[in-house]
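>>> Coordinates only, no sequence provided:
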Ligand SMILES: Nc1ncnc2c1ncn2[C@@H]1O[C@H](COP(=O)(O)OP(=O)(O)OP(=O)(O)O)[C@@H](O)[C@H]1O
């Protein structure tokens, strides 16, 4: 058994009397996609925020590459390699795809790119950003403003921004949302390859995507993990079918 890259241990978060996450423990291993599914309001986004540092936990711990992340904020966790894409886009609409990625590369590099006077023409920075755009198949759209990209292309750009941080694990919050069938197919195939680079904790409502991508699935209902297992185990779990997949066992 390999050491998990990300280990969530007994995380709790209450809002008043409501337990949004209730003693959640899950792991993310190298090379895998672990999908987190559950009905609306189950606590998935709350959990992701607790992991990335946007929301403090009442109790429990997040261990990343052996390091306890307690007390670290979002930026510090991102710097350690926790790559997140947001439900609410972090893309700057009026900037070109290339400029968006260049900014992310600069943010990640800290001081190493800041001394260049003219970042627009800094070849090293442009090359790095272009290589990332090529990874998400957007190199042909480098000079197009984010506002003019299609919805699917903007999703690809968001992933490019996450890639710029050279993450050691991805937290992806509903990447399929709003994608058409063609875009979904392309994104599924891209995420399939991405897991080799860094494992992915995937929150997703699109069950076709989840079933085709996930190595493991955990099901969250009312803040609790009610089941965890392979695609087949989750598909055939009567409690899951009843609670989430909308079928009686
Ligand atoms: N800041 C907050 N204050 C009070 N209640 C909150 C807050 N954030 C979330 N909640 C509540 O916590 C519960 C879990 O919400 P959360 O957004 O984590 O669910 P989710 O599984 O991500 O849902 P969805 O699939 O709709 O995105 C919900 O009942 C929600 O109303």
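Yep, that arrived. Note that the structure is predicted; figures quoted are calculated from it, not measured. Numbers count the residues shown, from 1 in each chain.
>>> What sits closest to residue 6 if chain neighbours are left out?
residue 28 (4.0 Å; C-beta to C-beta, 6 or more residues apart in numbering). For every residue, glycine as well, the C-beta is placed using N, CA and C.
>>> ok, that neighbour - contacts?
Contacts for residue 28 (C-beta atoms under 8 Å, 6 or more residues apart in numbering) come out as 4-7, 34, 169, 199-201.
>>> how about a cut-off of 6 Å?
For residue 28, the contacting residues are 4-6, 34, 169, 199, 201, by C-beta atoms under 6 Å, 6 or more residues apart in numbering.
>>> same deal with residue 143?
Contact partners of residue 143, counting by C-beta under 6 Å, 6+ apart, are residue 96.
>>> Helix, strand, or coil at it?
Of the three states, residue 143 takes coil under DSSP: H, G, I helix; E, B strand; the rest coil.
>>> how far away is it from residue 130?
Going from residue 143 to residue 130 by C-beta to C-beta, to the nearest Å gives 11 Å.
>>> repeat for residue 73
Applying C-beta to C-beta to residue 73 and residue 130 gives a distance of 31 Å.
>>> Looking at these two, which one has more neighbours?
residue 130 (17 against 13; other C-beta atoms under 10 Å).
>>> Surely that one forms part of a helix?
Yes - assessed with three-state DSSP, residue 130 lies in a helix.
>>> Distance-wise, check it relative to residue 163.
Distance of residue 130 to residue 163, computed by C-beta to C-beta: 12 Å.
>>> Equivalent analysis for residue 239, please.
Distance, residue 239 to residue 163, using C-beta to C-beta: 37 Å.
>>> ditto for residue 44
Plainly put, residue 44 is 23 Å away from residue 163 if you go by C-beta to C-beta.
>>> ok, now residue 49?
Distance of residue 49 to residue 163, computed by C-beta to C-beta: 21 Å.
>>> of those two, who's got more company?
Neighbours per residue (other C-beta under 10 Å) separate residue 49 from residue 163, with residue 163 holding more: 24 against 20.
>>> can you confirm the more buried one is in a helix?
Yes - the assignment for residue 163 is a helix, going by three-state DSSP.
>>> show me what contacts it?
Going by C-beta under 6 Å, 6+ apart, residue 163 touches residue 132.
>>> Secondary structure element for the nearest residue to residue 137 once chain neighbours are set aside, which one?
Nearest non-adjacent residue to residue 137, counting by C-beta to C-beta, 6+ apart: residue 156, 6.7 Å away. Assigned by DSSP states H and E, residue 156 falls within helix 151-164.
>>> In that helix, which residues are buried?
Counting neighbours by 16 or more other C-beta atoms under 10 Å, one finds that the buried residues in helix 151-164 are 152-164.
>>> buried ones in stretch 62-69?
Neighbour-count burial for stretch 62-69 [16+ other C-beta under 10 Å]: 62-64, 69.
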